[in-house]
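**Student:** just to be clear, the model below is a prediction. Sequence and coordinates:
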Amino acid sequence: YGSAQKLTDEMKQLRQELEDKLAQTQRGQQQFIMLRSLTCLSTAGLVAGKIYFSETFSDGWEDRWTVSQWKKDEGTDGKWKLAAGKWFNDEKEDAGIQTAEDSKFFGISAGFDSFSNEKKDLIVQYQAKYEKDVECGGGYLKMGPKMSDASKFGDPTPYSIMFGPDKCGYTKRTHLIFTYKGKNVLKKNDLAYKQEGEGTSHLYTMVLKPDNTVVVELDQEEVYKGNLKEDWEVLKPKEISDPKDEKPADWSDESMIDDPAEKKPDDWVEEKRMVDTEAKKPDDWDDEEDGEWEAPMKDNPAYKGDWTAKRISNPAYKGFWEAKKIANPEYEDDDAVYKFDDLGFIGFDLWQVKGGTIFDNVIITDDKSEADAFAKKWKDLSELEKSKKKEEDDAKAAEDAKATADKKDDDKDADDDDDDEEKKEEA
């Protein structure tokens with residue numbers, strides 16, 4: 001009995017120790033959760049997003065931007081002015097810079113502290129409004145490394161990113177060009193174009209991520225999401241055709257051939273014209289003065305056209321031949337094609353047949369919430385513009401309908417007058 005009681009007491013003690021440890025573990029978990037939450041809050045403060053550049057073209061914008069002198073000597077440099085356009089909520093608040101002339105080059109840029117987008121998102125956003133159809137020209141912006149002389153900004157200036165609408169005639173697209181190792185690389189397929197000359201603002205947003213993902217939004221609607229390494233030819237192809245591989249001599253890549261059993265009929269005539277055997281040399285023809293007489297040509301009545309054999313499937317056809325693929329010795333992978341070491345300017349370098357484009361609310365950041373705040377400025381203005389445009393369109397439709405009705409009435413009155421005249425003449 002004594003041994004049994006001792007064993008029972010030991011078991012009770014062991015259970016109490018286990019319960020104490022469990023309680024300590026639970027308290028530790030709670031403390032860990034609290035500590036982790038505090039750490040997250042602290043870390044969030046340390047990695048808060050940053051605005052690298054922003055512009056709403058408020059007072060003093062002329063001091064922040066430099067007008068290009070690149071085309072000044074040629075006399076083709078266009079003027080910039082501050083304008084809100086036809087429709088606005090607040091004329092001063094909604095004003096942006098406008099291309100103020102037709103058939104000119106327009107260049108203007110602003111600098112900021114150089115930065116690299118390494119290991120962070122890069123968000124570029126701005127709005128553009130075409131007060132009239134540009135006909136041929138661009139509305140895109142450029143970003144690139146710090147310039148030593150912003151007054152020389154123009155087409156020859158190296159850039160890192162070009163983004164925005166471009167149009168000439170029926171060719172329309174939203175450009176997105178990235179520079180990689182000194183080469184400007186266009187997207188393999190064009191992005192949608194929205195920038196018509198209807199007098200309303202459009203918002204352009206581009207997000208470039210450290211995993212080489214690219215996202216493009218037009219008016220806050222996603223029009224593209226993909227990978228920089230796949231949809232831009234920034235890297236050389238992984239595989240190439242083997243230059244030593246040659247098509248076999250007996251390889252047939254013609255799917256259809258002439259039927260060898262087909263023979264041209266003996267009476268088939270392919271000569272479209274023939275000598276007129278019935279023609280005679282004129283009596284007054286003088287060979288010495290007129291030259292040797294030749295009988296004229298005439299249409300061949302037996303002509304049947306070019307003869308062609310019936311086409312049949314080629315039994316020896318092997319399909320389209322292409323050289324085998326081999327690893328490209330020049331291929332080099334790069335997981336950091338997204339990265340730019342020096343971004344220090346933003347600018348508009350444009351040619352426009354018809355000016356009148358207004359640019360506003362430009363922001364470069366790594367924080368989506370900051371870009372969204374600027375997007376709200378566009379949204380408020382866009383809603384007003386659409387409302388005003390609808391009123392204008394409805395008024396024009398009513399005016400056109402009235403003009404059509406008036407013309408019908410005038411035509412009817414004219415017909416009645418003609419009928420009256422005819423009756424008078426008959427009388």
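**Tutor:** Received it, and whenever you're ready, just let me know what you need. In this text the structure is predicted, and so the values were computed from the model without any measurement.

**Student:** pLDDT below threshold where in the stretch 151-300 of the chain?
**Tutor:** Within the stretch 151-300 of the chain, the ranges that satisfy pLDDT under 70 run 197.

**Student:** do a quick rundown of the helices in it.
**Tutor:** In the stretch 151-300 of the chain, the helices defined using DSSP state H, counting those that start in this stretch lie at 228-231, 287-290.

**Student:** and these: which comes nearest Pro165?
**Tutor:** Among those, the nearest to Pro165 by CB to CB is helix 228-231 (18.8 Å). Yep, even glycine has a C-beta here, placed from its N, CA and C like the rest.

**Student:** which strands or helices does the closest one pack on?
**Tutor:** strand 213-218 (3 or more CB pairs under 8 Å, 6 or more residues apart in numbering; DSSP states H and E).

**Student:** tell me where the stretch 301-427 of the chain has helices.
**Tutor:** Ranges of helices in the stretch 301-427 of the chain, per DSSP H, counting those that start in this stretch, are 368-426.

**Student:** on that earlier part again, so of the helices of the stretch 151-300 of the chain, which one's packed in deepest?
**Tutor:** Of all the helices of the stretch 151-300 of the chain, helix 228-231 has the most neighbours on average by mean count of other CB atoms under 10 Å, namely a mean of 16.

**Student:** show me what that helix is in contact with.
**Tutor:** Contact with helix 228-231 is made by 178, 187-189, 208, 212-214, 234-235, 334, 337-338, as judged by CB atoms under 8 Å, 6 or more residues apart in numbering.

**Student:** centre of the chain to the longest strand belonging to the chain, how far?
**Tutor:** Counting by DSSP state E, the longest strand found in the chain is strand 104-115. Strand 104-115 sits 22 Å away from the centroid of its parent chain (CA atoms, centre = their mean, to the nearest Å).

**Student:** ok, stretch 69-84 next?
**Tutor:** 26 Å.

**Student:** how long is it end to end?
**Tutor:** Criterion CA to CA, to the nearest Å; first-to-last residue distance in stretch 69-84 is 25 Å.

**Student:** buried sites along it?
**Tutor:** For stretch 69-84, a neighbour-count test (16 or more other CB atoms under 10 Å) marks Trp70, Lys71, Asp77, Gly78, Trp80, Leu82, Ala83, Ala84 as buried.

**Student:** what do you get for stretch 330-341?
**Tutor:** Within stretch 330-341, the residues scored as buried using 16+ other CB under 10 Å are Val337, Tyr338, Lys339, Phe340.

**Student:** how about stretch 55-67?
**Tutor:** Judged by neighbour count using 16+ other CB under 10 Å, the buried positions of stretch 55-67 are Glu55, Phe57, Trp61, Trp65, Thr66, Val67.

**Student:** want to throw the residues you listed into TSV with pLDDT, distance to Thr357 and secondary structure?
**Tutor:** What follows is the buried residues of stretch 55-67, written out as TSV (pLDDT from 0 to 100; distance: CB to CB, whole Å; DSSP: H, G, I helix; E, B strand; the rest coil):
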residue	pLDDT	distance to Thr357	secondary structure
Glu55	98	16	strand
Phe57	98	13	coil
Trp61	97	16	helix
Trp65	98	15	coil
Thr66	98	19	strand
Val67	98	16	strand
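
**Student:** alright, calling it a day.
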